[in-house]
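1. Quick one: sequence and predicted model below, then my questions.
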Amino acid sequence: MQPLLGAQDLRVLYKTKRGPLRAVDGVTFDLAPAETMGVVGETGCGKTSLGKAILGILPPGARLEGSIKLDGRDLATLSKDELRKVRGKDIALIFQDPTTRLDPLMTIRDHFLETIHSHEKVPREVALERAKKALASMGIPKSRIDNYPHEFSGGMRQRIMIAMALVMNPRLLVADEPTTSLDVIVEAQILRILEDLKRVYKMSLLLITHNLGIVAEVCDRVAVMYAGKFVEMGGVREVFKRPVHPYTRGLLSSIIHLESKELFSIDGLPPDLVSPPPACRFHPRCAYAQEICRTKDPEWVEYTPGHFASCHFGRDFL
Amino acid sequence: MRERPVVHAVDGVTFTLPPGEIFGLVGESGCGKTTVGRTVLRLAEPTSGSIRFEGKDITHLKEAELRPIRRQMQIIFQDPHASLNPAMTIGQSIADPLIVHELASEEDARKAALEIMTEVGLSPAEQLYGKYPADLSGGQKQRAVIARAVILRPKFIVADEPVAMLDMSIRARILELMLELKDKYDLTYLFITHDLATAKFICDRIAIMYLGRIVEFGDAKAIFNDPKHPYTQALLAAIPSPDPDARRLKTLPKGEVPDAVNPPKGCRFHPRCPVATPTCGWEPQDMLDLLDQRALDEEVSRRDEAVLGPRSRMQVEEQRLRIRTGGIGIPRKARTGLSLFVVLASFVYALMIPLVGVAVLMAGSFGLLLTDALARWESTRITRAQGGAARARAYLEDVLQGAPQPLANTVTRLAVDGDDVLLEFAPAEDPELRMSAGREVRCVLY
């Protein structure tokens, strides 16, 4: 099947005083229609930059290399205006903190009208009708369309954000830590909504998170990102049941869940992305590191169909 | 004059902490857990009730009298970045309490800070002492915050979501550090969290809070093995499981935590509870919420409004909902809109025709015509609404048929009263904390 989204050797570089910071450093992946892929990693691994690159909202001064194809059309070569047309219409996004993304001086109605009218010339009534329908589908009464963002709870604001993302019927939704600032029950409610989106609207979802538990709940595939690179990628069951990369194994054991028998955490800190460690970037924190890990880049090996990892000793862990 | 609304952030919470215990206060945001934490430290003032520390009532102590006690009680906040002064080096921040409390000279404070930094894993301490918070990772910052809390050798620490903002991969490390320090310095923790999985790991006893009240309270093991309160069960079920094979359809509570200004009657969890019974405290507000829920469907919403009228015509009187169906007037918004239109129209006339007198005349006649139209419109609406009460009563009966059973079963009376329909609910029962299977539960089921 033709992938909906394809990233080829994607790189994001930020200028710093100490030299270029490689936030995303050669990432390649496909996303099929109606597929949910999780991107997990620690703070500073480049997962948010990856999301921003796909949306074309990198800050000024950032350089984008490689290609991002949406339905075969390379987004990296589009002009700002063309990108703006794609964003919101074909690709929508939801952020971690809905409070900061909604204008406190605008009612929900204004937010919706702005979103719809920036992409389509439709009469006000038609736009409003669509907005109300989108709100209702997220369980928010249409009577509240004239309320301001502060009049809603955190969970409702996030549902409003999702409704706004949905109103243009996008094919791809990029969600960056969509539930991190929410409580467990509301988080579970939002996750269920995201699952429904896939089922009902056949929408693809790229879910960026540091919480592997969430990935296990909603994703079809998962990519584990470390220091700007994917270190493992595959079906969620494959990766969770038979993790190859020691970093993935570390992340999996560090989840504190109800069945955890003991506490585990990964030693050390994520590396500085201006001067990352040579060869395998995880080697300074890896308990299994050998000489070869310090000298030779590990290859991106397909262990079972669709399950990739880059570790010199991947076979030993299988 | 309107009475100012009062938020009962914390409503009758009682607990004791024996020395050396880790006591967990668990709940969603807005349940009052942070307020409890701040109040026991006298960082927030209780409206009523008392706080005792080592047998001494500190509820009304003056700031000067509190000072020596403050040294014994410290707090660790959720956001390590926000709790460190960006203009102070890490070392200065950690040494600062010693200087503020005049317990050490600057030199001694520095030494003590270096020592505690090594202890909390901020090493090499000498090198990190001069770093600023911005240079440190989230985990390191939280270690610094912990070091600053421990440097005064307190007996009691309130830890408010100490790992919530940290990456999964380092949460365990921070929790382990807290456990180590507890053993070493005989600390007692009040551990505030919304994450039951974390609480399970480190707490001896826990209290589950909902809307300002403790709903379940007891030994952590007992509660995790066999949660009793439906809210505790919901919190546990909501935790994402890292096993993709364990995906299942969860029974999640409906909606979100309601407004604390006007908390639900009876058991405060009843509107969201999946196993609620008729005695859980159903009230008119629940009926209004049900109508809101129905209004999500365009078709149903239109029908509801045609028969029952707009929400502004419904009035809550204690356990009674009064729906006024008679004399439905023009909505206020429409009225102001119309009069504004008349004023604007006369202005336009005055501009177009220089003879102001003519303009005023025309505006007047326009207004007259309009008033007439309004009156006629209103009279037809009233005619239509005649017999509306009986119709609304029958309609509500149908609505209740389809309503959640516990709610419908609590309605004791559905009657026509002149032009109004009355919907009466049985008095709400407010459950107390009761012992059940070795812990206290606030639920009518136990």
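-> Ah, there it is.
2. Which residue does chain A have closest to chain B?
-> When scored by Cβ to the nearest Cβ, chain A has residue A:213 as its residue closest to chain B, at 3.2 Å. Using the backbone N, CA and C atoms, a C-beta is placed for each residue, glycine as well.
3. neighbours around that residue, how many?
-> Using other Cβ atoms under 10 Å in any protein chain shown, residue A:213 is surrounded by 19 other residues.
4. again with residue A:28
-> Neighbour number of residue A:28 under other Cβ under 10 Å is 15.
5. Could you list which residues are in contact with it?
-> Counting by Cβ atoms under 8 Å, 6 or more residues apart in numbering or on different chains, residue A:28 touches A:7, A:8, A:9, A:10, A:230.
6. what's the nearest residue to the residue of chain A closest to chain B if we skip its chain neighbours?
-> residue B:240 (3.2 Å; Cβ to Cβ, 6 or more residues apart in numbering or on different chains).
7. now do residue B:78
-> That would be residue B:161: by Cβ to Cβ, 6+ apart, it lies 3.8 Å from residue B:78.
8. Next, give phi and psi for residue 76.
-> With no chain named, the answer covers chain A. phi -70, psi -20 (degrees, to the nearest 10).
9. switch to chain B, that's the one I care about
-> Residue torsions, per degrees, to the nearest 10, at residue B:76 are phi -120, psi 120.
10. what's the answer for residue B:418, then?
-> The phi/psi pair for residue B:418 (degrees, to the nearest 10) is phi 60, psi -120.
11. thought it was touching residue B:390?
-> No: because the distance of 11.3 Å does not satisfy Cβ atoms under 8 Å, residue B:418 is recorded as not touching residue B:390.
12. Could I get the pLDDT score of the residue nearest to residue A:213?
-> Residue B:240 is assigned a predicted lDDT (pLDDT) of 87.
13. could you list every residue that touches it?
-> So residue B:240 contacts A:187, A:188, A:191, A:211, A:213, A:214, A:216, A:217, A:257 (Cβ under 8 Å, 6+ apart).
14. what are the phi and psi values for the residue nearest to residue B:78?
-> Dihedral angles (degrees, to the nearest 10) for residue B:161: phi 50, psi 60.
15. For chain A, what's the nearest residue on the stretch 51-200 of chain B?
-> Counting by Cβ to the nearest Cβ, the stretch 51-200 of chain B gets nearest chain A through residue B:172, at 3.7 Å.
16. Please state the mean pLDDT value computed over the helix or strand containing that residue.
-> Residue B:172 belongs to helix B:168-185 when elements are defined using DSSP states H and E. Helix B:168-185 shows a mean pLDDT of 93.
17. Buried residues of that helix, list them for me.
-> B:168-179, B:181-182 (16 or more other Cβ atoms under 10 Å in any protein chain shown).
18. next one: stretch A:66-83
-> Those would be A:66, A:68, A:69, A:70, A:75, A:76, A:78, A:83, for stretch A:66-83 by 16+ other Cβ under 10 Å.
19. Isn't the last one up against residue A:76?
-> The one in question is residue A:83. No: here residue A:83 does not reach residue A:76: they are 9.5 Å apart, not a contact under Cβ under 8 Å.
20. how about the strands in the stretch 151-300 of chain A?
-> A:172-176, A:204-209, A:221-226, A:229-235 (DSSP state E, counting those that start in this stretch).
21. Serialize those strands to JSON lines and add fields for mean neighbour count.
-> Output for the strands of the stretch 151-300 of chain A, formatted as JSON lines (neighbours: other Cβ atoms under 10 Å in any protein chain shown):
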{"stretch": "strand A:172-176", "mean neighbour count": "24"}
{"stretch": "strand A:204-209", "mean neighbour count": "25"}
{"stretch": "strand A:221-226", "mean neighbour count": "25"}
{"stretch": "strand A:229-235", "mean neighbour count": "24"}
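22. Quick one: closest of those to residue A:103.
-> When the strands of the stretch 151-300 of chain A are compared for distance to residue A:103 using Cβ to Cβ, the nearest one is strand A:172-176, at 19.0 Å.
23. Packing partners of that closest one?
-> Secondary-structure packing of strand A:172-176 (3 or more Cβ pairs under 8 Å, 6 or more residues apart in numbering or on different chains; DSSP states H and E): helix A:47-55, strand A:91-94, helix A:184-201, strand A:204-209.
24. rerun at 7 Å
-> helix A:47-55, strand A:91-94, strand A:204-209 (3 or more Cβ pairs under 7 Å, 6 or more residues apart in numbering or on different chains; DSSP states H and E).
25. Reformat these as CSV; add distance to chain B.
-> Listed next are these as CSV, based on distance: least, Cβ to the nearest Cβ, whole Å:
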stretch, distance to chain B
helix A:47-55, 11
strand A:91-94, 18
strand A:204-209, 10
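26. State the phi and psi torsions of whatever residue of the stretch 201-350 of chain B ends up closest to chain A.
-> With Cβ to the nearest Cβ as the measure, residue B:240 is the residue of the stretch 201-350 of chain B nearest to chain A, at 3.2 Å. The phi/psi pair for residue B:240 (degrees, to the nearest 10) reads phi -60, psi 130.
27. can you tell me which residues contact residue 197?
-> All of this is about chain A. A:173, A:203, A:205 (Cβ atoms under 7 Å, 6 or more residues apart in numbering or on different chains).
28. try again with chain B
-> Per Cβ under 7 Å, 6+ apart, neighbours of residue B:197: A:256, A:257, A:258, B:239.
29. In a helix, it, correct?
-> Yes: checked against DSSP: H, G, I helix; E, B strand; the rest coil, residue B:197 lies within a helix.
30. What confidence value was assigned to it?
-> At residue B:197, the pLDDT recorded in the model is 89.
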